[in-house]
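Q: what would the 3D arrangement of this be:
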Amino acid sequence: MRKVALMLVLVALVFALPAKAGSGEIGADFGHTSFDSDVSSESGTQYGLRGGWHFTKLFELEGQWQDASASDDFADVSLNTMMVNAVFNFHPTDRIVPYCLGGIGQAKLEFDTPFGSVDDSGNAYQIAVGSRFLFGQAKKAGLRVELSSVSEDSFEETTTSTNLNVGFTWQLGS
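A: All right, here's what the predicted structure looks like:
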C-alpha cells in the first residue's frame with residue numbers, strides 16, 4: 001500500500017507543476033502480454049493507466065501502473081507493475097509523435113493455484129518504443145501504440161515479458 005501512495009504522490013506532484021513548465025498527459029492502455037516461459041506458457045491480457053508531465057517538447061516524465069494476467073493449466077498468473085518512465089518524444093509531424101522510453105519501478109508477481117496463492121515483489125525495469133497518433137483540431141487527444149519489454153526480479157529470478165499495448169492519451173495544458 002505504501003508503494004501505491006508513493007506513486008500517487010509522484011503523479012500529483014507532476015501535475016502540480018506550473019503551466020509554464022510544460023503540459024500534462026494522461027492515458028489508459030489495453031494490450032497483449034507474452035509472459036516469460038518461466039512464468040507461464042500462456043499469453044495474457046494487460047491494462048494500465050499513466051500520467052506524466054512534458055518538461056520540454058522532447059522530454060517527459062511519467063508514472064505508469066499496469067496489470068497483466070493469464071491462466072494456464074497450473075495457475076492464474078498476475079503481474080502488477082508501477083513504473084516511473086523517462087520518455088523521449090520525437091516530432092516528425094504535429095500529428096505523429098514517435099517515442100522511446102526507459103523506466104524503473106516495482107513489480108508484484110502472483111500465482112493463484114487450487115492449493116493456495118504465492119506472490120513476491122521486486123524491482124522492475126522496462127524499455128519501450130511507440131507512437132502517439134494525435135487527432136482533432138487542437139491535437140490534444142490521440143491513439144497510443146507501444147511495444148515494451150518488462151524485466152522483473154521476483155522469486156530469486158529475473159523474468160522478461162513483452163507487451164503490445166493500444167490506448168488513448170489526452171494532453172492537458174499548453
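Q: any idea how far Val84 is from the most far-flung residue of the chain relative to its centre?
A: Going by CA atoms, centre = their mean, the residue of the chain most distant from its centre is Phe115, 31.2 Å out. Phe115 sits 36 Å away from Val84, going by CB to CB, to the nearest Å. C-betas here are computed from N, CA, C, even on glycine.
Q: geometric centre of the protein: which residue is closest?
A: Nearest to the geometric centre of the chain sits Gln64, at 4.4 Å (CA atoms, centre = their mean).
Q: what pLDDT does the model give that one?
A: If you check Gln64, the pLDDT there is 96.
Q: buried residues, the helix or strand it falls within. List them.
A: Assigning secondary structure by DSSP states H and E places Gln64 in strand 59-71. Neighbour counts over strand 59-71 (16 or more other CB atoms under 10 Å) mark Glu60, Leu61, Glu62, Gly63, Gln64, Trp65, Gln66, Asp67, Ala68, Ser69, Ala70 as buried.
Q: quick one: the strands in the protein?
A: Counting by DSSP state E, the chain has strands at residues 23-34, 43-54, 59-71, 76-89, 96-113, 116-135, 141-154, 157-173.
Q: closest to Trp53 among the buried residues of strand 59-71?
A: Here the nearest of the buried residues of strand 59-71 to Trp53, counting by CB to CB, is Leu61; it sits at 5.7 Å.
Q: who touches that closest one in this structure?
A: Contact analysis of Leu61 by CB atoms under 8 Å, 6 or more residues apart in numbering lists Val14, Gly52, Trp53, Phe55, Val84, Asn85, Ala86, Val87.
Q: now do Phe88
A: Taking CB under 8 Å, 6+ apart, we find Phe88 in contact with Leu58, Phe59, Glu60, Tyr99, Cys100, Leu101.
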